[in-house]
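J.: coords below, sequence missing:
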């Protein structure tokens, strides 16, 4: 299944670590209904961004999970290749 990275950008104050973890848990709870698998997320407080790595059939399926759980889509989403 393809891998996608999405980016959430924040203006003003960043959500707390607890709020970000809660949002990720909501994504995990909803992912099965959309056929996706959220693998990991990264936070950059300096850049005011959160990045999520997800296996999904397409970018739209990954985006739908965030819309369902957070009420908004990521600012960017793009396909990435796994390299070892």
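T.: Sure, I can see it. Being a predicted model, the structure only gives us computed values, none of them experimental. Numbering: from 1, shown residues only.

J.: Quick one: end-to-end distance for stretch 35-51.
T.: Terminal residues of stretch 35-51 are spaced 19 Å apart (C-alpha to C-alpha, to the nearest Å).

J.: Going by neighbour count, which residues of that stretch are buried?
T.: Buried residues in stretch 35-51, counting neighbours by 16 or more other C-beta atoms under 10 Å, are found at 36, 38, 41, 43, 49, 50, 51. The way it works is simple: take the backbone N, C-alpha and C, and place the C-beta from them, glycine included.

J.: Report the mean per-residue pLDDT for that stretch.
T.: Across stretch 35-51, pLDDT averages out at 96.

J.: if we look at it, which residues are touching it?
T.: The set of residues that contact stretch 35-51 without belonging to it, under C-beta atoms under 8 Å, 6 or more residues apart in numbering, is 1, 3, 5-11, 14-15, 17, 20, 24, 27-28, 31, 52-57, 61-62, 65.

J.: rerun at 7 Å
T.: Where contact means C-beta atoms under 7 Å, 6 or more residues apart in numbering, the residues beyond stretch 35-51 that reach it are 5-10, 14, 20, 24, 27-28, 31, 52-57, 61-62, 65.
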